[in-house]
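Asks: Next one to model:
(chains A and B)
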There are 2 protein chains.
Amino acid sequence: MNVYLIRHGIASDRAEYSSDAERPLTELGRKKTKKVAKRLFNLNIRFDLILTSPLVRAVQTAEILQNTGLCKKREIFESLSPDGDINLWVNWYALNQDHHSVALVGHQPDLGNWAEILTWGKVGEKLIVKKAGVIGVKIFENGTPIGNGELFLLSSPKWLI
Amino acid sequence: MNVYLIRHGIASDRAEYSSDAERPLTELGRKKTKKVAKRLFNLNIRFDLILTSPLVRAVQTAEILQNTGLCKKREIFESLSPDGDINLWVNWYALNQDHHSVALVGHQPDLGNWAEILTWGKVGEKLIVKKAGVIGVKIFENGTPIGNGELFLLSSPKWLI
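Replies: Now for the predicted structure:
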């Protein structure tokens, strides 16, 4: 399974919103995210499913990916929220190994940490993941996905758009 | 210092050459490598210095990077040969910390291993690095570069060209 961990685009300032969860993408954030999505589309990347954090800026990012034609299905996945538990996704993985390509839309430092856990089995906080940046991890089928992946992509938007 | 570890482009078949070290880039290898170099140039990437493995396919890759305008200076660095010792580069680093951006042109699995050693302090063989692919590691200034870096880029040519 190819897992694409995609960070939400640039969002509005915290000061303007009572709740962090409500912060939407800015116009620039939308624009850059659309460009990244378009580029992935042109490279023939498709997802069987997009799982997204429930926070507004992540949901809007996932919507853009979907509307660009990268995927037909999109679902909220609670543990993609900040500080979410990767083990819930590991359980999901056990039941969904027939998927070839999945996008996880969420937040930093969690996405980088998840990518490190899937690849090296532990967190080193060593991946620089910019907003609307993409990490690609290829997970091999047998057993647990933890420490069972290989990193094939780490890119900020600038390399893609 | 930003260290760009760049794998040589597609090279001719082993069967055609008596020595592995002599294998040149193929036409497709040259073409793809040029496209990657052009893309890096357009993104304003510049190197203070290119260090390259002495093997022909690496030297030709380094030449393309130089001729595209990414760098004025290019030097052979013996330990970028297959199975070369990263500690010789660590010694080089100690004397060249004033460089902001350096390219290391070499081979797999060594380049991926070096990137892992610089970033996580040890080899996991977890980075997929295609021919003419690029790894970017940002190294922070203090002390040894081993385990002192952060990964900001891992890309095969397809994402760049």
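
Asks: What ranges does chain A have for its helices?
Replies: A:27-42, A:56-67, A:86-95, A:110-120, A:157-160 (DSSP state H).

Asks: Mind checking the pLDDT average for the last one?
Replies: I take that to be helix A:157-160. What helix A:157-160 shows for mean pLDDT is 96.

Asks: is that helix anywhere near chain B?
Replies: Yes. Helix A:157-160 reaches chain B (Cβ under 8 Å from any Cβ of the partner chain) through A:158, A:159, A:160. For glycine as for every other residue, the C-beta is placed from the backbone atoms N, C-alpha and C.

Asks: I would like a PyMOL command selecting only the buried ones among these, please.
Replies: PyMOL command restricting the residues of helix A:157-160 next to chain B to the buried ones, with burial defined by 16 or more other Cβ atoms under 10 Å in any protein chain shown:
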select buried, chain A and resi 159+160
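
Asks: For the residues of helix A:157-160 next to chain B, give me a markdown table that also has distance to residue A:90.
Replies: Below are these laid out as a markdown table (distance: Cβ to Cβ, whole Å):
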| residue | distance to residue A:90 |
| --- | --- |
| A:158 | 32 |
| A:159 | 29 |
| A:160 | 28 |
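
Asks: Nearest to residue B:29 among the residues of helix A:157-160 next to chain B?
Replies: residue A:159 (21.1 Å; Cβ to Cβ).

Asks: sorry, back to before: take the helices of chain A and lay them out in a markdown table including distance to residue B:113.
Replies: Shown next, in a markdown table, are the helices of chain A (distance: least, Cβ to Cβ, whole Å):
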| stretch | distance to residue B:113 |
| --- | --- |
| helix A:27-42 | 29 |
| helix A:56-67 | 33 |
| helix A:86-95 | 26 |
| helix A:110-120 | 13 |
| helix A:157-160 | 23 |
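
Asks: mind checking which of those helices is nearest residue B:9?
Replies: So among the helices of chain A, helix A:157-160 is nearest, using Cβ to Cβ, at 18.3 Å.

Asks: Run through the neighbouring helices and strands of that closest one.
Replies: Judged by 3 or more Cβ pairs under 8 Å, 6 or more residues apart in numbering or on different chains; DSSP states H and E, the packing partners of helix A:157-160 are helix A:27-42, helix B:157-160.

Asks: As a markdown table, those helices with distance to residue B:128 would be great.
Replies: Output for those, formatted as a markdown table (distance: least, Cβ to Cβ, whole Å):
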| stretch | distance to residue B:128 |
| --- | --- |
| helix A:27-42 | 18 |
| helix B:157-160 | 12 |
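
Asks: looking at those helices, which is closest to residue B:29?
Replies: helix B:157-160 (10.3 Å).
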